[in-house]
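Asker: When you get a sec, could you give me coordinates for this:
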Amino acid sequence: MKKILLAAIAAIALGGVANAEAVKIGIDTSPYPPFASPDPDGNWSGWEIDIIHAVCKAAELECVITPTAWDGMIPSLTGGQIDAIMASMSITEERKKVIDFSDKYYNTPTSLLVPKGSTLKPTPDALKGKAISAQVSTIQEAYIKAHFPDSDLKTYQTVDEGFQDVAAGRVDASLADSIAIDGFLATDAGKACCENAGPVADDPTILGAGVGVGLRKGDPLKEKFNAAIKKIREDGTYDAITKKYFSSSIYGG
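Answerer: Presented below is the predicted three-dimensional model:
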């Protein structure tokens, strides 16, 4: 009886260790094609989802994809509800005050979505007095505040809500990642209504140095993620995944 009891305790202890070793990867609860989208059963797929699986395999980590509201992503990380962020989060100096980042795993420009035939350009003069949308708590929101102070900023919980309001004429333009804009323009709704007015002027302080894995300060997982990102870049896995979704590299310079 005593041996059975000890075995049960050991099993519970081992189970606790196994659970503790599972790395909870935070992704945004909102679809962000082609990076991450759920099917009706809640199974996620997309470029970033494939990269998550590849990185975790290369790092020999057991990972669990954990959908988390975007505006609660960093608090969930620092509070221990998730262990890492892989949700197209840009590496910025402001965020680095609170969390650490791995090396980048992609870098694409921020661009302006406008109605078809619009003469608007991503400049302060052109956007003066115009209503511009952005997803809340993003580098695009920060960029509008800093560079387009005379515009009327409208924030949304998701990128797509802002795009839909451009299509409906409720806002004049939307600032977002160029890949997200291109994804929308590939849809029937996007083709019918809108076009890409081009990228904004670079501001590394706000726009950051690409997208990395967000981690708690001092977490040794950073070394594992850096080594894994390097490995999949070198062994061809990264390029093979990218070719499934894009016609050219999105790693950036």
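
Asker: Show me the residue at the heart of the chain, geometrically.
Answerer: Central residue check for the chain by Cα atoms, centre = their mean: the C-alpha nearest the mean position is that of S88, 1.7 Å away.

Asker: surely that residue meets V211?
Answerer: Yes. Counting by Cβ atoms under 8 Å, a contact exists between S88 and V211, whose distance comes to 5.4 Å. (Glycine included, C-beta is placed from N, CA and C.)

Asker: any low-confidence regions in the chain?
Answerer: Of all residues in the chain, those with pLDDT under 70 make up the ranges 1-20, 253.

Asker: Torsion angles phi and psi at the residue nearest to L221 when sequence neighbours are not counted?
Answerer: Using Cβ to Cβ, 6 or more residues apart in numbering and skipping the chain neighbours, the partner closest in space to L221 is L215 (5.6 Å). Here is the backbone geometry of L215 (degrees, to the nearest 10): phi -140, psi 160.

Asker: care to break the protein down by domain?
Answerer: Using automatic domain parsing, the domain parsing of the chain gives 19-107+209-245, 110-207.

Asker: how far away is the residue nearest to L221 from E141?
Answerer: Distance of L215 to E141, computed by Cβ to Cβ, to the nearest Å: 23 Å.

Asker: so what's V213 closest to, chain neighbours aside?
Answerer: The shortest distance from V213 to any residue that is not its chain neighbour, by Cβ to Cβ, 6+ apart, is 3.9 Å, and that residue is S102.

Asker: now that neighbour, what's its secondary structure?
Answerer: strand (DSSP: H, G, I helix; E, B strand; the rest coil).

Asker: In the chain, mark out all the helices, start to finish.
Answerer: Listed in chain order, the helices of the chain (DSSP state H) span 2-21, 47-58, 73-78, 93-96, 124-127, 139-147, 159-168, 178-185, 188-193, 204-207, 221-234, 237-245.

Asker: got the contact list for S37?
Answerer: Contact criterion Cβ atoms under 8 Å, 6 or more residues apart in numbering gives 31, 44-46 as the residues in contact with S37.

Asker: which parts of stretch 98-113 are buried?
Answerer: In terms of neighbour count (16 or more other Cβ atoms under 10 Å), stretch 98-113 has its buried residues at 99-108, 110-113.

Asker: just stretch 48-65 next, same as before
Answerer: Of the residues in stretch 48-65, those buried by neighbour count under the rule 16+ other Cβ under 10 Å are 48-52, 54-56, 58-59, 61, 63, 65.

Asker: now the residues you listed in CSV, with distance to E21?
Answerer: As requested, the buried residues of stretch 48-65 are exported to CSV (distance: Cβ to Cβ, whole Å):
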residue, distance to E21
E48, 23
I49, 21
D50, 23
I51, 21
I52, 17
A54, 19
V55, 16
C56, 12
A58, 16
A59, 12
L61, 8
C63, 10
I65, 16
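
Asker: Kind regards, and thank you for your time.
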